[in-house]
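**Student:** I'll drop the sequence and a predicted model, then ask my questions.
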Amino acid sequence: MNHLSSTRRHGPTLRRKYGAALASVLLLTCQASAQSLDSASSACRTQPALCARVAGEETVIPQAAQRLAEFGASVTAVAVVLNEKHQQELEQKLTQCANMAREKVLRQHMGGRSPTPAECRETKEFGGRVRTRAMFLGEEMHKVALACAELELGALRPGGFSREPRYRYNTDTRQRELISPEKEEALLEGGCYSELRGTIKPDIVIHAGNPLLPLRVYDFKFPCENKDSVPWCKYKKGPHAGRWQNEVYQEALGVEPKEILPWVGVMP
């Protein structure tokens, strides 16, 4: 019997075996590299929609990885271990997105020049809302940069990143929960803003197929004036009042977040 006919005959059985083996590799990869506050199993218990069980096994793995495993796909397709070269490449892409976003928005709204400090502080109706010019330009730059990041990372790391994921973190149980975009939108449309009180929403989260197991966390920062550094925001109200944004991110996600500035890149 040749190899091809054997594979056709026993394909489902082989796929199940390979799937179970790959599931174990994926779980070990996530646990070893994520350095998260909770295990993959507890993460899946808090957000079961993200996870699936391999038939006949107790191992829990992300659904995306499970679908790949069923077809015998390579583990690197979704659970790429983030080595130094790969990290440098994705950070370079994110920096390019930040540069492009600032240039594009300033061309559209400032004739290509940087605003003066007085212009940054100016408060009037920008984009249909009364706010400072700095807030308006920063929001527009974020939109462009995030769209660029989604496109670039989608090609560089498919299935291994999330754009603006929203998390709820329980400081007592040290468990985090992922709030789906659909649920977030429903809560906002229903005026249930208190349900999102204390949640966090970083710009970009790099992971190995499960947003609950972060590997890297990035936030774009767009200072209105030309600066080579910018402090993290400090929460003024809510459960995190008086704390720095990066401190809350690190506690909730178990990963030190990094800022990305135009022309500067990833801050150390």
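**Tutor:** In hand now; what should we look at?
**Student:** in what helix or strand does residue 107 lie?
**Tutor:** Applying DSSP states H and E as the criterion places residue 107 in helix 84-110.
**Student:** tally up the residues packed near residue 208, please.
**Tutor:** Close neighbours of residue 208, defined as other CB atoms under 10 Å, add up to 29. In short, each C-beta sits where N, CA and C put it, glycine included.
**Student:** now do it against residue 221, distance only.
**Tutor:** 26 Å (CB to CB, to the nearest Å).
**Student:** just residue 151 next, same as before
**Tutor:** Taking CB to CB, one finds residue 151 at 20 Å from residue 221.
**Student:** higher neighbour count, the two?
**Tutor:** Remark: of residue 151 and residue 221, residue 221 carries more neighbours, 22 against 12, as counted by other CB under 10 Å.
**Student:** who's in contact with the more buried one?
**Tutor:** 230, 259-261 (CB atoms under 8 Å, 6 or more residues apart in numbering).
**Student:** would TSV of those with distance to residue 177, pLDDT and neighbour count be doable?
**Tutor:** What follows is the contacts of residue 221, written out as TSV (distance: CB to CB, whole Å; pLDDT from 0 to 100; neighbours: other CB atoms under 10 Å):
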residue	distance to residue 177	pLDDT	neighbour count
230	30	91	15
259	25	98	21
260	26	98	23
261	30	97	20
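**Student:** the closest residue to residue 181 other than its chain neighbours bridge partners, please.
**Tutor:** Counting by CB to CB, 6 or more residues apart in numbering, residue 181 lies nearest to residue 166, which is 7.8 Å off, once chain neighbours are set aside. For residue 166, the beta-bridge partners are residue 179 (DSSP bridges).
**Student:** oh, and call the first residue 449 from now on, that's how I've got it
**Tutor:** From this message on, residue numbering opens at 449, which makes the last subject residue 614.
**Student:** ok, residue 614 touching residue 626?
**Tutor:** Yes - counting by CB atoms under 8 Å, residue 614 touches residue 626, with 7.4 Å between them.
**Student:** and stretch 644-655, how far apart are its ends?
**Tutor:** One end of stretch 644-655 sits 23 Å from the other (CA to CA, to the nearest Å).
**Student:** in contact with the closest residue to residue 580 other than its chain neighbours, which residues?
**Tutor:** Leaving out its chain neighbours, the residue that sits closest to residue 580 by CB to CB, 6+ apart is residue 571, at 5.1 Å. Counting by CB under 8 Å, 6+ apart, residue 571 makes contact with 578-581.
**Student:** same check on residue 627?
**Tutor:** 614-616, 644, 647 are the contacts of residue 627 under CB under 8 Å, 6+ apart.
**Student:** how close does it sit to residue 603?
**Tutor:** 27 Å.
**Student:** kindly give the local confidence score, pLDDT, for the nearest residue in space to residue 564 that is not next to it in sequence.
**Tutor:** Leaving aside its chain neighbours, residue 564 sits nearest to residue 673 (7.9 Å; criterion: CB to CB, 6+ apart). For residue 673, the pLDDT comes out at 91.
**Student:** and the helix holding residue 555, what does it pack onto?
**Tutor:** The helices and strands touching helix 532-558, judged by 3 or more CB pairs under 8 Å, 6 or more residues apart in numbering; DSSP states H and E, are helix 581-604, strand 662-668, strand 706-709, strand 713-714.
**Student:** including distance to residue 557, could the ones you listed go into TSV?
**Tutor:** Listed next are those as TSV, based on distance: least, CB to CB, whole Å:
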stretch	distance to residue 557
helix 581-604	7
strand 662-668	17
strand 706-709	19
strand 713-714	24
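**Student:** which helix or which strand is home to the closest residue in space to residue 641 that isn't next to it in sequence?
**Tutor:** In space, and not counting its chain neighbours, residue 641 is closest to residue 635: 7.4 Å by CB to CB, 6+ apart. Per DSSP H and E: residue 635 is located in helix 629-637.
**Student:** for that helix, buried residues please.
**Tutor:** 632, 635 (16 or more other CB atoms under 10 Å).
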